[in-house]
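when you get a sec, could you give me coordinates for this:
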Amino acid sequence: MSERPGIPVKAYAWAAAGLVLAALPFYLERFWLQAGLFAIAAAIGAIGINLLTGATGQLSMGHAFFLAVGAYGYCALAGDGADGLAGLGLPGWLAAVLAVGLAGLAGGVFSPIAGRLHGAYLGIATLALIFIGQHVLFNAHDLTGGYNGRAVPPLSLFGLTFDDTELLVAQVPFGAVEKLWYLGLALLLGGVLFARGVLRGRPGRAMNAIRDHRIAAGVMGIPVARHRAAVFVLSSMYAGLAGVLLALVFQRTVPEYFGMALSLEYLAMIVIGGLGSVAGAVAGGIFVALLPQVLNRYAEALPLVSAPGTGGIAPGEAARYLYGAAVVGTVLFLPGGLARLVVRTPIHRPSGETR
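Sure, this is the predicted structure:
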């Protein structure tokens, strides 16, 4: 006797997780929501570099450059010039879209190089982007604000302004962080679905073929250089989107943040989470982004960790030690990253049972 298939348990789990995430702004304090937004932005950026490095096998050390393009591009496009810095005064939503496109354009300018180089050679080439970006950010004062950075204009969308003007929702005051929480979740969900669609379709199969054996992929008729260039542009746009979200959460852009350490963190995210896996990129991004926040929150209760300038190991430095150890542990003992921990165990039915 056959049974009609019901709603999968996985669907219930996703629905429950969605309800929990939607309810968090009503119960969590501002610190944890802000830390969660940092993790969401990191996850979006990690998906982008995982498409490039994990799925296509292209090493990039310049991811932080494209985050900076997105963040500062949004500030310049949305700024009204009242602070003495360059600004076009565009609507916030339009500035955000154009900033992501600007990051993609920057990736497109570099894509001919990305299409022809691979491995360590591309890594070294993209390393130059970090040095160029840092020089521009620190010295183009009229555009970036120099060492002190520049304030980030609030985003307005459908009549809602994502600033600290209080909005009462079920008697709970919603400020900038609470409002941005739902925007961040929507952007992450869209980024995940789009990346999974790419990887499961023909482009994804071509990317994996290039990663596994580029010469054989070329023989099969796959335009290797064109696919590499296209994935580099797509990865840059993901980074630009992450940069825009980070700017909105920080409410101020600082050049020092977009340096070499940030690019290394993104490489750590995809190694820890699992190369080539969208879910792994999200998990790795959340782990690496939340770790320094948690250590900073509980520095006084942890051994050897203390607030900066008090003599112990600073939370940010301790976090780098820990996720550095996590990278080594992942490579040695869990090559597939956190994504490999999700193992589908088949259900064994009794031999006499019919379906």
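
contacts and neighbour counts: CA atoms only from here.
Fine.

point me to the helix or strand that includes the residue nearest to the spatial centre of the chain.
In the chain, the residue lying closest to the centroid (Cα atoms, centre = their mean) is Gly45, at 2.2 Å. Element membership of Gly45, judged by DSSP states H and E, is helix 30-49.

identify the residues contacting the lowest-mean-pLDDT helix or strand in the chain?
Counting by mean pLDDT, DSSP states H and E, the chain has its least confident helix or strand at strand 167-169, which shows a mean of 75. Residues from elsewhere that reach strand 167-169 (Cα atoms under 8 Å, 6 or more residues apart in numbering): 173-175.

do the same with stretch 293-310
Outside stretch 293-310, the residues touching it (Cα under 8 Å, 6+ apart) are 35, 312-316, 318-319.

top of those by number of neighbours, please.
Using other Cα atoms under 10 Å as the neighbour test, the contacts of stretch 293-310 are led by Pro315, with 24 neighbours.

number of nearby residues for Val278?
Count around Val278 with other Cα under 10 Å applied: 28.

go on, Thr126?
Counted with other Cα under 10 Å, Thr126 comes out at 20.

helix or strand for it, which one?
Assigned by DSSP H and E, Thr126 falls in helix 120-139.

which residues touch that helix?
58-62, 64-65, 68, 113-114, 144-147, 255-256, 258-260.

ok, and for the next helix or strand after that helix, which residues are buried?
Using DSSP H and E, the helix or strand that follows helix 120-139 in sequence is helix 141-144. Within helix 141-144, the residues that count as buried by 16 or more other Cα atoms under 10 Å are 141, 143-144.

format those residues as JSON lines; extra columns: distance to Leu291 and pLDDT.
Converted to JSON lines, the buried residues of helix 141-144 look like this (distance: Cα to Cα, whole Å; pLDDT from 0 to 100):
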{"residue": "His141", "distance to Leu291": "33", "pLDDT": "92"}
{"residue": "Leu143", "distance to Leu291": "32", "pLDDT": "92"}
{"residue": "Thr144", "distance to Leu291": "29", "pLDDT": "92"}
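
list just the nearest of those residues to Val288.
Nearest to Val288 among those: Thr144, at 27.1 Å, using Cα to Cα.

quick one, what contacts that closest one?
72, 85, 137-138, 150.

now do Leu90
77-80.

how deep is Val219 tucked in, by neighbour count?
10.

now do the helices in this structure.
For the chain, the helices defined by DSSP state H occupy 9-23, 30-49, 63-78, 92-116, 120-139, 141-144, 176-200, 202-212, 214-219, 224-250, 260-273, 278-297, 315-333.

tell me which of those helices sits most buried.
A comparison of these by mean neighbour count, using mean count of other Cα atoms under 10 Å, puts helix 63-78 on top with a mean of 29.

residues contacting the residue nearest to the centre of the chain?
Applying Cα under 8 Å, 6+ apart, the residues near Gly45 are 67, 235, 238-242, 266.
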